[in-house]
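[1] Quick one, structure for this:
(2 chains)
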Amino acid sequence: MSKLILCVFLTFTLIPLLCTSFSSDTPSDRRVLVLLDDFALKSSHSLYFNSLHSRGFDLEFKLADDPKIALQRYGQYLYDALILLCPTIERFGGSIDAAAILDFVDSGHDLIVAADSNASDLIREIATESGVDFDEDPAALVVDHSGYAVSASEGDHTLIASDDLIKSDVILGSKKIEASALLIYILIALCAAPVLFQGIGHSLNPSNSLVLKVLSASPSAYSANPKSKLASPPSLTGSTISLVSVIQARNNARILISGSLSLFSNRFFRSSVQKAGSPIKHDKSGNEQFLTEVSKWVFHERGHLKAVNVQHHKIGEADEPAMYRINDDLEYSVEIYEWSGTAWEPYVADDVQVQFYMMSPYVLKTLSTDGKGRYFTSFKVPDVYGVFQFKVEYHKLGYSTLSLSKQIPVRPFRHNEYERFIPAAYPYYGAAFSMMAGFFIFTAVHLYNK
Amino acid sequence: MAKISVPHFLLLLLSFSICIAAKIYQPISDSHRSLASDLFTSTDPSYPSLEAAYEALRVFEVLGIEKKTHVSTTSCPKVLENLGSSSPLKDLYYALKVNGILKCKVDAKVLKGVASRLKATVKDASTLLDIYYSIGSLVLIKNQDSNVDVLLADADGTFHSIKALSQSDGRWRYSSDNPKSSTYAAGLALEALAGVISLASSEIDQSKVNTVKNDISKLFDTIEKYDDGTFYFDEKFVDGHEHQGTLSTTSSVVRGVTAFAAAIAGKINVCGLISIPLILSLPETVYSLTKKDQLKVRVTTALGSTAPPLTVKLVRAFSTGAKDSAIIESKIVLLDSDSKKDYATGGQIHVPIYVTGIIEVSNAEIAILDSDLGSVETRKTLDLAGNDVVSLSANHLQKLRFSFQLTTPHGHVFKPHQAFLKLRHETEVEHIFVVGNTNKKFEIVLVKISIPLILSLPETVYSLTKKDQLKVRVTTALGSTAPPLTVKLVRAFSTGAKDSAIIESKELQYDQKSGLHVLDIFPKNVDVGAYVFVFEIVLLDSDSKKDYATGGQIHVPIYVTGIIEVSNAEIAILDSDLGSVETRKTLDLAGNDVVSLSANHLQKLRFSFQLTTPHGHVFKPHQAFLKLRHETEVEHIFVVGNTNKKFEIVLVKPTLIAFELGVIEDFLGLVEKLFYLSGKYDIELTVGDAVMENSFLRLLGHVELDFPEAPEKASRPPPPAVDPYSRYGPKAEIAHIFRVPEKRPPQNLSLVFLGLILLPFVGFLIGLLRLGVNLKNFPSSTVPATFAILFQLGIGAVLLLYVLFWLKLDLFTTLKTLGFLGAFLLFVGHSTLSHLASTSAKLKSA
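    Numbers count the residues shown, from 1 in each chain, chains lettered A, B, ... in the order given. Predicted coordinates for the structure are as follows:
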């Protein structure tokens, strides 16, 4: 009896534990491991950690060379996401290495990496594997003599105020503009505070379609050692330099790579910023909003889609048939929802497309929506028979990829499904029947004529 | 994130300010204060725990932020609630701490109840944390309300139970069943012990106190040092508790040791050991018995604030001549216990006797000591008869100890009248120490903890165009004003040339209004560039010299910026073989004019311009890029070189005829780098430098380049980067094209043809009528007539069956029915036909 009670007790205490783990029902991350070079970062970057904490993340801080750190136990990952704020680490403690971190991402978990000047080879390797190449010169910093942040104490123009952000509401969040007047709108747009950055730049591989520049440098920027003369052209110049990049892998794991550790710091969060050549002095830099919004995206609080309730049937019917005949008219519908961080909300867009696919798409149609998450269309089955698929391959900047396919065979007409009486054949019918009638009359005449 | 302990936070602010301007310490300013109030209030105004509330309040107190009223409204009820109920010890402890700052109205009765409860817990408490919190709470009660009886009856027992947890290496355990020892716990234990001593109703056994002192000295053996000379305690103990960083561990130990030292100060002799946590400093850095100086001792805490009430005793002093007989025995100077500073007077005066002779110098040794601990950092022995020289380094937190022994010919120790040690800086600033007489060896205490003065510059970027003033602010680390002083600009040099100083020895003017030291006339010969300015603080008041540390010469990197004049910009197309100019265009780089050029691969492009500083010197910017960009985003960047005062690049080249091999390779490379892409190229010029105020990025114009056809082996241009916005757009719709049904004649035409088809049948019927057909041959007798009718009906039925087959029947039904009908027809047909045959035969025979 006591055993039974114990079992019941255990079940009830374990249920909440199990529920908090990552699941497809609630795609946001919950458990986050933060690896640091130094525990002082915990305090000097506390505003960022506080903002994560207040959004319900369970942060676990560890030194990067702590011998006890582990990402998984008994084949189960202990964390949903990993934050690496340890640019100088040469070797992680415990069993973690670059391959383990990439496996972590390959299994659908999220990653934030901050590099900095004199970033270690380990951090560079992780970045390279993610499709981001940091400047190979260890002493190089991003310098911008036209877009620097005006500062009384820094004269070497490595503190950059960048406002060249990706234009994507889903990654950076839509700024809540309540005033409807156009003038106020313009004022607010002018006042969007630039993001302070001090660190190293990276470039993206142009053939890699998964990685996106979120914060890029201005055309006058370059990446070089500010203390030495330039002998050869710098390897990175202009707006090809990416300061902060995000990657969404094919399994929807998300990675944020930043070339600056101080981007996350309380100092940059709270310092005022004035871009060189601009008369406006902002009381607060854009770092806090930028990082809060980007980390919302990275941790799947936004831009995560799910498709449910895929249905198709002939027009006028309700049930899904086992097979279509060529030239049937059919209706296809699917429901798509977006995760808002707390609940699934209807996703509204006008570019969701369905393909009727066999080796290549035979029909590709944009779905119409009712604004409540339901997408539908109707079309005629092509007059080619074979095994087809309904495919929805939805890619959109910043959103997770939707990939649905449903197989359905299509058959030709049966022999008795063709048209029965063809007007063009009336002469033939007439010939046959008149011949038969003539035959009948002829027999009678031939036999009984005298 | 609420776990930022207070000293932790302060040190953090300091390290934080170090980051702001490398190596220039900035005092705590309003921005730090607003950050602190942000950090401690932004999350939750009603602090989640009293510990967090205490930390916030303490930080506000230290930084002088007025937020108390705001916090007290939310925290005071919590304090009262915690004190009233039987809350955990930790909450009780922090409730009392918060109360200490906020002065909530707590009933004395409540405190009394709490005190009696705490005393009870002290007795049975087994773990260190329990004892620590309860003793700490009792001490707090004692400080807040002197009427409450908090004295411990069994202080010795409590002392013993804490001491039982100590380890042989000076660390402490958290509880008796946990064998691991912790440095952090040692700090807690020492604080608790200090509390026990102050709460003891009877005096604690002196031998016990001495063993604790031994523990402390052992604990300090484990101290570690960073590269920059900062000491810290490291926590080796890692357990289920939250890991304590080095900052919190060190602060715990320092708090514990200072508390312990403060507690025993009134009852035992303070010897060197006790000076560890409390900084015992001598304002008179040099004292000499021969000069009849008073021996002055100042006792402060590490942060420079005043020490708790204490007395300093000089136990004994020995004559160097008479080692064993004490000249002074236990001379005690007791001052009023409330007074902040106690002084101990010096002892008897020794008059030197001059006995000449050859004095043997031996045991010369020079050492750098840590001023707090007295532990030796560097020790070097010297042969004073020889010429050997030592090199040492120390900071202001350390001591220099130099010792040597002088022996008279009789073998006695000799005290010379003149024993000077001179420290001289490169700038001839020097200081002479009279080597005093301590403990058989001469020891001088060089630098003691004094209030560090921080020299900071509101702006390290100086603009020649704005004619700013160079301003320097001198404050203490916490931002309060400094004593009267002057700031001297020792020298300034360009970062490129360290040896040639451009400014030497200037004094800055003090501006009373702003509290800044200003260099009002900026030297004329300073051009744009990066410089290092070396400042020195000279204290005016001799008293303040003792109290403040200036940090010697301070190197500050300064950028002097200005507007660079761009002139003589010219772009030309040259013939590469002859060097003759084909096209030459002058450009106004300040304007917006754009040039259009055309060239082929046998030509050169020459672009030149001149940059001049406001002082008329040639200026070489860090960033001078010329970029050629093709429409297809293929681009190549040239770093504009520096030849002959003009920047020139030679870029497009001959492939076939060339005189120099090196040139061929270079330019072939260039054509390849541009992937043999002919067409229009944009020319973009970027000029920028840290000291250039008018850095620019500008489109110069276009050049139409005509390159030869790409050879087969030439590499392809890289694929252009995909625009992320268009990468995932919706695809074009695809509609299936259905097979077109075969073309059919109009229905009317079919009907016409149907009519035509039926015409022969009609003609047949008419023909029959015309022929006058009859049915006279039809059998007349009943039986043959029946058969004939049946036969005709049978034929009709077969035809009808065919019609039905066409309309609806399938082949099986049709054949089956046809079988029956066929048999029937065979029979009736045979009968009918044989009847007809016999009839016709009869007719013929007749």
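[2] How about stretch A:228-244 and chain B, touching?
    Yes: using C-beta under 8 Å from any C-beta of the partner chain, stretch A:228-244 reaches chain B at A:229-234, A:237-238, A:240. For every residue, glycine as well, the C-beta is placed using N, CA and C.
[3] Who are the contact partners of residue A:84?
    A:35, A:64, A:101, A:111-114, A:123, A:126 (C-beta atoms under 8 Å, 6 or more residues apart in numbering or on different chains).
[4] same thing but at 7 Å, please
    A:35, A:112-114, A:123 (C-beta atoms under 7 Å, 6 or more residues apart in numbering or on different chains).
[5] how about it, secondary structure?
    Under DSSP: H, G, I helix; E, B strand; the rest coil, residue A:84 falls in the strand class.
[6] ok so, going back, which one among the contacts of residue A:84 gets closest to chain B?
    residue A:35 (13.8 Å; C-beta to the nearest C-beta).
[7] Which secondary structure state is assigned to residue B:458?
    Strictly by three-state DSSP, residue B:458 counts as coil.
[8] Can you tell me which residues in the stretch 1-150 of chain A are near chain B?
    Neighbours of chain B within the stretch 1-150 of chain A, by C-beta under 7 Å from any C-beta of the partner chain: A:39-40, A:43-44, A:46, A:49-50, A:53-54, A:143, A:145-146.
[9] any idea how far residue A:320 lies from residue A:331?
    Residue A:320 sits at a distance of 10 Å from residue A:331 (criterion: C-beta to C-beta, to the nearest Å).
[10] OK, contacts around the residue of the stretch 151-300 of chain A found nearest chain B?
    In the stretch 151-300 of chain A, the residue that lies nearest chain B is residue A:155 (3.0 Å; C-beta to the nearest C-beta). Contact partners of residue A:155, counting by C-beta under 7 Å, 6+ apart, are B:460-461, B:559, B:690.
[11] Out of those, which sit inside strands?
    Judged by DSSP state E, strands contain the following of the contacts of residue A:155: B:461, B:559.
[12] and the contacts of residue A:155 near chain A, which?
    B:460-461, B:559, B:690.
[13] can you redo those as JSON lines with neighbour count and pLDDT?
    Shown next, in JSON lines, are those (neighbours: other C-beta atoms under 10 Å in any protein chain shown; pLDDT from 0 to 100):
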{"residue": "B:460", "neighbour count": "20", "pLDDT": "80"}
{"residue": "B:461", "neighbour count": "21", "pLDDT": "80"}
{"residue": "B:559", "neighbour count": "22", "pLDDT": "85"}
{"residue": "B:690", "neighbour count": "23", "pLDDT": "83"}
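[14] how close does residue B:804 get to residue A:416?
    Counting by C-beta to C-beta, the gap from residue B:804 to residue A:416 is 16 Å.
[15] on that earlier part again, can you say which of the residues of the stretch 1-150 of chain A next to chain B are buried?
    Burial by neighbour count, 16 or more other C-beta atoms under 10 Å in any protein chain shown: within these this picks out A:39-40, A:43-44, A:46, A:49-50, A:143, A:145-146.
[16] Looking at those, which one is closest to chain B?
    residue A:145 (2.7 Å).
[17] Was I right to think the closest one contacts residue A:220?
    Yes: applying C-beta atoms under 7 Å as the test, residue A:145 and residue A:220 come out as touching, 6.4 Å apart.
[18] Go through the contacts of residue A:155 and name the one nearest chain A.
    Nearest to chain A among the contacts of residue A:155, with distances taken as C-beta to the nearest C-beta, is residue B:559, at 3.0 Å.
[19] hang on, isn't that closest one packed against residue B:533?
    No: Residue B:559 lies out of contact with residue B:533 (C-beta under 7 Å); the separation is 10.8 Å.
[20] one step back: so residue B:804 and residue A:416 - more neighbours on which side?
    Neighbour count, other C-beta atoms under 10 Å in any protein chain shown: between residue B:804 and residue A:416, residue B:804 has more, with 14 against 6.
[21] Does the more buried one lie in a helix or a strand, and which?
    Counting by DSSP states H and E, the element that carries residue B:804 is helix B:782-807.
[22] Quick one: list the elements packing against that helix.
    Applying 3 or more C-beta pairs under 7 Å, 6 or more residues apart in numbering or on different chains; DSSP states H and E, one finds that helix B:782-807 contacts helix A:426-448, helix B:811-845.
[23] Run the chain-centre distance for it.
    On the basis of C-alpha atoms, centre = their mean, to the nearest Å, helix B:782-807 is displaced by 108 Å from the centre of the chain it belongs to.
[24] per-residue confidence for the closest residue to residue A:431 other than its chain neighbours?
    Closest residue in space to residue A:431, ignoring its immediate chain neighbours: residue B:757 at 4.7 Å, by C-beta to C-beta, 6 or more residues apart in numbering or on different chains. On the pLDDT scale, residue B:757 is placed at 92.
[25] List the beta-bridge partners for whichever residue of the stretch 601-750 of chain B sits closest to chain A.
    Going by C-beta to the nearest C-beta, chain A is nearest to residue B:688 of the stretch 601-750 of chain B, at 2.7 Å. When bridges are called by DSSP bridges, residue B:688 pairs up with residue B:623.
[26] per-domain residue ranges of the chain.
    Went with chain A since none was named. A:23-298, A:304-415 (automatic domain parsing).
[27] The intended chain is chain B.
    Using automatic domain parsing, chain B is parsed into the domains B:1-105, B:107-238+B:245-266, B:279-434, B:455-555, B:565-711, B:766-841.
[28] before we move on, back to that, over the helix holding residue B:804, what's the mean pLDDT, rounded is fine.
    Rounded mean pLDDT across helix B:782-807 is 92.
[29] how about stretch B:558-567: buried residues?
    Buried residues in stretch B:558-567 (16+ other C-beta under 10 Å): B:558-562, B:564, B:566.
[30] typed the wrong thing, it's stretch A:261-276
    A:261-271, A:273-276.
[31] go on, stretch B:384-397?
    Here stretch B:384-397 shows B:394, B:396-397 as buried, counting by 16+ other C-beta under 10 Å.
[32] Write out the residues of the stretch 351-450 of chain A neighbouring chain B.
    A:351, A:353, A:361-366, A:382-383, A:395-397, A:423-424, A:426-427, A:430-431, A:434, A:436-438, A:440, A:443-445, A:447-450.
[33] Could you identify the buried members of those residues?
    Buried, going by 16+ other C-beta under 10 Å: A:353, A:361-366, A:382-383, A:395-397, A:423, A:426-427, A:430-431, A:434, A:436, A:444-445, A:447-448, out of those.
[34] circling back: test my guess that the residue of the stretch 601-750 of chain B closest to chain A contacts residue A:146.
    Yes: the pair residue B:688 / residue A:146 is scored as a contact, 6.3 Å apart, by C-beta under 7 Å.
[35] Tell me which helix or strand in chain A has the weakest average pLDDT.
    Within chain A, confidence by mean pLDDT, DSSP states H and E is lowest for helix A:2-20 among all helices and strands, at a mean of 46.
[36] ok, then the element right after that one?
    strand A:31-36.
[37] Starting from that following strand, tell me which strands it pairs with and how they run.
    By DSSP bridges, strand A:31-36 pairs with strand A:58-63 (parallel), strand A:81-85 (parallel).
[38] Highest mean neighbour count out of those?
    strand A:81-85 (a mean of 25; mean count of other C-beta atoms under 10 Å in any protein chain shown).
[39] tell me the mean pLDDT over that one?
    93.
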